[in-house]
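Q: Below is the sequence, then the predicted model.
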Amino acid sequence: MNFFELVENDLEDIFLRTAHLFPENKKILVTGATGFVGKWLTAALCYIEKKSLKKNQYIFLSRQTKEELKSTLDDQLFLSDSIQWK
């Protein structure tokens, strides 16, 4: 079981309560995307991007390699066209 499966109910609640607050057609940079707080922010943004009609471009910075990230993150969210990992 990965992180996203553990918190899917929380992510759905975040989406329902805050999706209307997110901008559209913006470029959003998140540093420390796999740290303690960053992982939650990354999960919420990826989940909202997946469920929302609003499309943004996300750039997540992490010290982990892409291979390490794939073992941590859900592939469906990780492989979105609007998400870049640096």
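A: Received the coordinates, thanks. Keep in mind that what you see is a predicted model, and the values were worked out from it rather than measured. Numbers count the residues shown, from 1 in each chain.

Q: which secondary structure element contains residue 50?
A: According to DSSP states H and E, residue 50 maps onto helix 36-51.

Q: May I see the buried residues of the helix or strand containing residue 59?
A: Secondary-structure element containing residue 59, defined by DSSP H and E: strand 57-60. Neighbour counts using 16 or more other Cβ atoms under 10 Å place 58, 60 of strand 57-60 among the buried residues. C-beta here means a position set from N, CA and C on the backbone, and glycine is covered the same way.

Q: 21 is where my numbering starts, stick with that
A: With 21 as the first residue, the last one maps to strand 77-80.

Q: mind checking how far that strand is from the chain centre?
A: Chain-centre distance of strand 77-80: 9 Å, with Cα atoms, centre = their mean, to the nearest Å.

Q: I'd like to know which elements that strand is packed against.
A: strand 47-50, helix 56-71, strand 103-105 (3 or more Cβ pairs under 8 Å, 6 or more residues apart in numbering; DSSP states H and E).

Q: Output these in TSV; the columns should cover mean neighbour count and mean pLDDT.
A: Formatted as TSV, the helices and strands packed on strand 77-80 follow (neighbours: other Cβ atoms under 10 Å; pLDDT from 0 to 100):
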stretch	mean neighbour count	mean pLDDT
strand 47-50	13	88
helix 56-71	17	82
strand 103-105	17	69
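
Q: Quick test: name the residue nearest the centre of the chain.
A: residue 66 (2.7 Å; Cα atoms, centre = their mean).

Q: low-scoring stretches of the chain, by residue?
A: 21-26, 86, 89-103, 105-106 (pLDDT under 70).

Q: Distance to residue 83 added to the helices and strands packed on strand 77-80, as TSV?
A: Conversion of these to TSV gives the following (distance: least, Cβ to Cβ, whole Å):
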stretch	distance to residue 83
strand 47-50	13
helix 56-71	11
strand 103-105	11
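
Q: Great, nothing more from me.
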